[in-house]
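**Q** build me a model from this:
(chains A, B, C and D)
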2 protein chains.
Amino acid sequence: MSIIDRPVRGSDSGRPIMALLDLLGRRWTLRVIWELRGGALSFRALQAACSGMSPSVLNQRLAELREAQIVEAGGDGYALSARGRELLELFGPLQRWSEDWARALRDG
Amino acid sequence: MSIIDRPVRGSDSGRPIMALLDLLGRRWTLRVIWELRGGALSFRALQAACSGMSPSVLNQRLAELREAQIVEAGGDGYALSARGRELLELFGPLQRWSEDWARALRDG
DNA sequence: CGTATTGCTTCTGAATTAGTAGCGCAACAT
DNA sequence: ATGTTGCGCTACTAATTCAGAAGCAATACG
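**A** Prediction:
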């Protein structure tokens, strides 16, 4: 039974986008993907990059992301899979958007 | 003091992308934005769209998203702001991606 | 008046996350 | 062989967050 088949928190289930939004809507998940943008990181490096996130939660997130085949573990630590990199690319424009957003919020 | 200035959970702060990832990485936030893709929804309609999400949490998310000027309240309920719609567009390709992803997870 | 709907608050218990300590393992040095 | 170091990860408790139900105040309608 894969991660997208089982009833997903807050989702009427079945629809992949719901499973995805549920997966990504867990604390640190987006951040972990983001921190892997530059390549593989070890468990502890990843933990440090996420400013000291709890190892228990990190481990849990990594398990979820690995099951979802977005992240994979290799000899050099954890890295985005090919699919994970695709996903990250979709988030790429977020950075530019967030800068405009921040400017607008500051200016009023 | 705006939402992007104050120290943000799990972020070394200051960088807008971190504030954004933190904001979006709260339960239901992505989902709420997603459910508003088709236009304004009333509080209770939004709650129903999110399959019965707690009104307390919905209210909290709406407050956060309104402060972030991603969502705005009008006579016809809650809707994405112009900026919010921009953000949603960035997530658009997610749907297609999620379908490929679901297929891949099912097939192996 | 009575009823209905809406936005939202309040409350309690459940689930999730935070934070710290430390285990078992491997590589390397003494 | 005996530290020492760093690694991935687990175990545990405390704090925070969320779920779920009930219901209030406001508005609208008959």
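**Q** hey, where'd the strands end up in chain A?
**A** Ranges of strands within chain A are A:71-74, A:77-80, based on DSSP state E.
**Q** close to DNA strand C, is the first one?
**A** Just to be clear, that refers to strand A:71-74. No - Strand A:71-74 does not reach DNA strand C (Cβ under 7 Å from any atom of the strand); its nearest approach is 14.6 Å. Where you see a C-beta, it was placed from the backbone N, CA and C, and this is true even at glycine.
**Q** same for the longest helix that chain A contains, what does it pack against?
**A** Secondary structure of chain A per DSSP state H: the longest helix is helix A:82-107. Applying 3 or more Cβ pairs under 8 Å, 6 or more residues apart in numbering or on different chains; DSSP states H and E, one finds that helix A:82-107 contacts helix A:29-35, helix B:16-24, helix B:82-107.
**Q** just to revisit the earlier point, of the strands of chain A, flag the one that's most buried.
**A** strand A:77-80 (a mean of 18; mean count of other Cβ atoms under 10 Å in any protein chain shown).
**Q** any stretches of chain A with poor pLDDT?
**A** Counting by pLDDT under 70, the low-confidence segments of chain A come to A:1-14.
**Q** pick out the residue in it sitting closest to DNA strand C.
**A** Of all residues in chain A, the one sitting closest to DNA strand C is A:Ser54 (3.3 Å; Cβ to the nearest atom of the strand).
**Q** quick one on the thing from earlier: distance from the chain centre to the longest helix of chain A, please.
**A** Chain-centre distance of helix A:82-107: 14 Å, with Cα atoms, centre = their mean, to the nearest Å.
**Q** what comes up buried for that helix?
**A** A:Arg83, A:Gly84, A:Leu87, A:Leu88, A:Phe91, A:Leu94, A:Trp97, A:Ser98, A:Trp101, A:Ala102, A:Leu105 (16 or more other Cβ atoms under 10 Å in any protein chain shown).
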